[in-house]
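1. Prediction below, plus the sequence it came from.
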Amino acid sequence: MAEAIIAAIVVELGSAAFKEIGAALGVTKQLEELRETLESINYTLLAPEADSAQIWFKRLQSVYYDAKEILDDFEFYNLQWQGSAGLKVRQFLFILNNPLRFRWVMGRKIKRIRESLCRIKTDKDACDITSRGGKGVRCAEVTNSVSDTFPSFCKTDVIGRDKDAQNILEFLSEDRVSSPVCITIPIVGMGGIGKTALALKVYSGEGIDASFDLKLWASVKEDFNNLKNLLRKILASASKCSNHLKKEQLQSQCKSFDHLSTEQLQIQLKEKVKGKTFLLVLDDVRSVDRAKWVEFLSLLSEGAHRGKIVVTTRDQLVASAVSPDIPYKLQGLTLEASRNLFLQWTFGGDARNKESLMKIGEEIVEKCKGVVGAIRTVARLLQGKREEHQWLTLRGDFQSIFDKKGRFISYDELPFHLKPCFAYFSNLPKNFKILGIELIHQWIAQGFIQPSVETQEPEKVGQDYICELMSRSFLQDTDGYGLFSTIKMHDLVHELAISMAQTEYLIVNSHVKDVPENVRHLSFSGKKNLQKDKVPSPLLKMRKVCTVGFQSVGPDRSLLDACISRFKCLRMLGLGNSSFKALPSSIGGLKYLRYLDLSENSEIESLPHSICRLLLLETLMLQGCVKFVKLPKDVGQLPRLRCLRLTTRERFLSGKLIAGLEKLQCLWIDECGELQHLFDTEEMRNQHVLSTVSVLVIMNCKNLLSLPCWLSSLPKLENLVIVNCEKLDLTKIDECDGGLVNLRYLWVGKLPQLVDLPGWLLGGAATTLNHIRITDCSTLTTLPKDLECLRKLSIENCPLIASLPDGMSYLAKLEELRISECLELISRCQREKGADWHKISHVRDIYLNGINIQDSINK
């Protein structure tokens, strides 16, 4: 999992902002050296999937947290420096003189991290040479662009593949008289069947080195159509095999590929293969253009004496494109080999005194149908479980680890950037439900979300991550409301997340006696608060914890004080459902804190002013704090705050405070029973204080009378929710030029004065709005029309809506229509016989009171 965040750290260290900070502090060289050292780590070889690599992964994990802390230090210092103009002279002089000390401290930290990384590489290489007698594949330094070039070799992955390996080896040893210079053999099989493991077994097998002067390997995926990237990977793998080169030479040579053009890389590859016999493995080729393949073969054939190419792919069309010969079709393992593999992964090969479990296990293995990836997944779920009922549960719920297309859910198949996001769910309780927007902001706080371009908002990237995890059946969307969807996970998939999180995440209760030293994320469970004297003693010695949360009831004050005083590296602090009256002022010392949840605290009335020192704070959650009065005025100077969820007893918010939050993306106002106007003065009512906001939620504000007129022209607003505001009249807002030109999601509900949706809500959004939800609007009589991009429409408990608008039949993009508790409207939408059926017959999914009447057509 660490590879995702290390890659993000490498990108951030290379960003313009960090280069500017480094130059100002005189540590440019140290930062560049750190970036190069991080780039040089082969993350795949240090991944936790290979049992032999556990120790290296744990050591790398620890170093990566140290590196992330350095980035936070630099960002915090930079923000502190930028804000120094508003400080008192004495504070300013302290910061002004601080760069020298800061430079010295950071220089030492960077040096220690680089030394640690170098020791890991040295120890790993020494171990590899010892265990393999100085032969075979070695872990070598590669640039980040080719960090996934070469997977690790694990003997347990290739149980039962001796015959297949022998067949491939025989092909490779054939020397046809009239054959072309380069001959290709495609290995075809479904995902997880073991193609890569088989190719590695052949590549690393005895005698292969004697048959070829040069061995090359590249994990291709979608890169075949990007020739430059493919050539860089192949050349990097050529450097790996050059064991006589010193490490510095290897690193320099690999890094030099980044600056070469495609033509220069072609020349280098020609030189590499000139006059030699070579073996090239192109692993996991997803697509290939025949003309480009012929061009690629021509490049390899120029000057080479003889070459053999092994291509692994899932696609028969790819196999046909790369070779006229019949491909080698890899079948599933035999039942006996499957059992042996399962036994090895589950019990380490020793099943003595486990006969009853193995009997159940054999039934489970039989359902895997010889697919190595499926066997690995169930083995991971059962590791450490020794109770019969646990195995029986997996046997009964076996289908839950397969997606809608019948493919098994594979952690190994996840892109590296999704692995830490998936493992994060181990920190959530079983049967959890979480709003999509909350999950995204938690991922952001952990540094898991990395936009591909600087202008891309992480919230949008987070939505893409959720969609991808759903498409792979790792997550379930219970209602389909985008950012406001309730996300959940099947119990077995949750157990898979726990098994993959290793010891980085830990659930703590009063009975825990031992805490692994590499734990970084703590979740306290139990309905009773843990008292200070019941906190496990190892916990009190920990200093590098990044996350503290409470699964049911929040902490008492003594435990809260202990957490704040001990865990100075906290990035997330979840104190929801607590009952303390005041947050300690020491909270201001958590300079790395990015996410603070104080929601549903029925006693807290205010926040200490020290919270304004949390310059990296991105999310502040205060919804459900019914006694909370107001925010400290300097909260408006928090430079990184992206999400503010607020319950307040004020009659209006401070427009000046909100306007100061230049990064604010989400403003969520909930249960503000005394709120009458959104902002305080007439001046602020006429200013665009929400110009950066993309999500605006106003809920359960029973005395709210009006909204600012400029709300109808917010330039970046994409999600708008207005629910349960009984005195609010939306028609009092005038439609402005332009309108809500980026609005994509609209939810209005429990608005007694709403007769129809006003023009300012829809006028500018005709070409962007794709999801409308209308709930509990007892006076609403008409529905909107002419929304050409509308994909989803949900109408719940709106009894006065008597029919659908005539324009519904022209909404070609409408995919889903949900109608519930609307008696007359439902009768008009009945399949084939309803008066409005002709308007909606083209819609793919139509739910009437929860039943999809299009199911028979879709099937």
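-> Received the coordinates, thanks.
2. just checking, next helix/strand downstream of whichever helix or strand Ile364 is part of?
-> For Ile364, the enclosing helix or strand under DSSP states H and E is helix 355-367. Toward the C-terminus, helix 355-367 is succeeded by helix 372-382 as the next helix or strand (DSSP H and E).
3. Now do that next one: which elements does it pack against?
-> Other helices and strands packing on helix 372-382, by 3 or more CB pairs under 8 Å, 6 or more residues apart in numbering; DSSP states H and E, are helix 335-347, helix 355-367, helix 388-396, helix 491-500. Where you see a C-beta, it was placed from the backbone N, CA and C, and this is true even at glycine.
4. Buried residues in the helix holding Ile364, which are they?
-> Leu357, Met358, Ile360, Gly361, Ile364, Val365 (16 or more other CB atoms under 10 Å).
5. Need the max-distance pair from the residues you listed.
-> When these are compared pair by pair using CB to CB, the farthest-apart members prove to be Leu357 and Val365, with a separation of 12.0 Å.
6. that older thread, between the helices and strands packed on helix 372-382, which one is closest to Leu762.
-> The stretch from the helices and strands packed on helix 372-382 with the least distance to Leu762 (CB to CB) is helix 491-500; that distance is 39.3 Å.
7. now the closest one against helix 372-382, angle please.
-> For the pair helix 491-500 and helix 372-382, the angle between their directions (axes from the mean of the first three to the mean of the last three CA atoms, to 10 degrees) equals 80 degrees.
8. Helix 491-500 to helix 388-396, inter-axis angle?
-> Going by the same axes, to 10 degrees, helix 491-500 is angled at 120 degrees with respect to helix 388-396.
9. Which elements pack onto helix 491-500?
-> Contact analysis of helix 491-500 by 3+ CB pairs under 8 Å, 6+ apart lists helix 372-382, helix 419-423 as its packing neighbours.
10. mean confidence score for the last one?
-> This points to helix 419-423. Model confidence over helix 419-423 averages 90 on the pLDDT scale.
11. what separates the helix or strand just after that helix from the chain centre, distance-wise?
-> Taking DSSP H and E as the definition, the helix or strand that follows helix 419-423 towards the C-terminus is strand 434-435. Between the mean C-alpha location of strand 434-435 and the chain-wide mean there is a distance of 15 Å, by CA atoms, centre = their mean, to the nearest Å.
12. Counting by contacts, list what strand 434-435 packs against.
-> On a contact count with 3+ CB pairs under 8 Å, 6+ apart, strand 434-435 meets strand 486-488.
13. helices and strands around the strand it packs on, which ones?
-> For strand 486-488, the contact count by 3+ CB pairs under 8 Å, 6+ apart identifies strand 434-435, helix 436-446, strand 476-477 as packing neighbours.
14. List the contacts of that strand.
-> 431-436, 439, 466, 475-479 (CB atoms under 8 Å, 6 or more residues apart in numbering).
15. out of those residues, which are buried?
-> Listed as buried from the contacts of strand 486-488 are Ile434, Gly436, Leu439, Ile466, Leu475, Asp477; burial here means 16+ other CB under 10 Å.
16. what's the closest of those residues to Lys750?
-> Using CB to CB, Gly436 is the member of these that sits closest to Lys750, with 22.0 Å.
17. give the contact list for that closest one.
-> Taking CB under 8 Å, 6+ apart as the contact definition, Gly436 lies against Gln463, Ile466, Asp477, Gly482, Leu483, Phe484, Ser485, Thr486, Ile487.
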